[in-house]
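Peer 1: got a predicted structure plus its sequence, pasted below:
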Amino acid sequence: MVDFAQRDPMSPAFWDERFERNFTPWDKGGVPQALRAFAAASAPLATLIPGCGSAYELAFLADAGWDAVAIDFSPAAVAAGKAAVGAHAARVVEADFFNWQPAQPLQLIYERAFLCALPRAMRPQVAARWAALLAPGALLAGYFFFDEAPKGPPFGIARSELQALLQADFECVADDAVSDSIPVFEGKERWMVWRRR
């Protein structure tokens, strides 16, 4: 059992400590298959990756010609992201998701273990921010973690709760099983695409 001094996932120091101690069980170490398939089937989109961590997906999307930016409020996570993406390091930015402003309108927000990293009480603010950042027709796509365990992170969500959280502003247009989950998410995540109403 790893013992950490920081217990509040709303604090950058919580994530700094985990990155600095290389305790990142949520880190796949690469780009998941559903994102690869989604990108292959899509024209390049102006994309935000919030809570990016090591930001492998940023390098993948940027190499494919996408105008993508990755943000994290943890300096240690940003350092890990910059190191992982090489030539695209300038696209990894230290910023707070709730205050960050895009340089141009976003067409996609990629969700990968961001919603489940934050305490459950933050969910309405996350959903409201997603809606504020995306114009009608833009997409929220990625992995959603369904679990009832009280402890976290990751903090799972019930499918009915996710639907209630997003239904006013988003319509679900894809909901698919995931075949390459890492152990912490295995059997409990779905690839979903939500279109902004």
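Peer 2: Perfect, I can see it now.
Peer 1: okay, residue 1: pLDDT?
Peer 2: Predicted confidence (pLDDT) for residue 1: 58.
Peer 1: try residue 102
Peer 2: On the pLDDT scale, residue 102 gets 97.
Peer 1: how about the one 4 residues further on?
Peer 2: Residue 106 carries a pLDDT value of 98.
Peer 1: try residue 147
Peer 2: 96.
Peer 1: what do you get for the one 4 residues further on?
Peer 2: For residue 151, the model assigns a pLDDT of 88.
Peer 1: any idea how far residue 12 is from it?
Peer 2: Distance of residue 151 to residue 12, computed by Cβ to Cβ, to the nearest Å: 21 Å. Backbone N, C-alpha and C define where each C-beta goes, glycine included.
Peer 1: looking at these two, which is more packed in?
Peer 2: residue 12 (19 against 6; other Cβ atoms under 10 Å).
Peer 1: distance check, that one against residue 44.
Peer 2: Distance from residue 12 to residue 44, by Cβ to Cβ: 31 Å.
Peer 1: next one: residue 84
Peer 2: According to Cβ to Cβ, residue 84 and residue 44 sit 21 Å apart.
Peer 1: within the helices and strands, which one has residue 180?
Peer 2: Using DSSP states H and E, residue 180 maps to neither a helix nor a strand.
Peer 1: give the closest residue to it in space, chain neighbours not counted.
Peer 2: Excluding the flanking residues, the one nearest residue 180 by Cβ to Cβ, 6 or more residues apart in numbering is residue 33, at 5.0 Å.
Peer 1: so that neighbour sits right up against residue 179, yeah?
Peer 2: Yes - using Cβ atoms under 8 Å, residue 33 is in contact with residue 179, at 6.7 Å.
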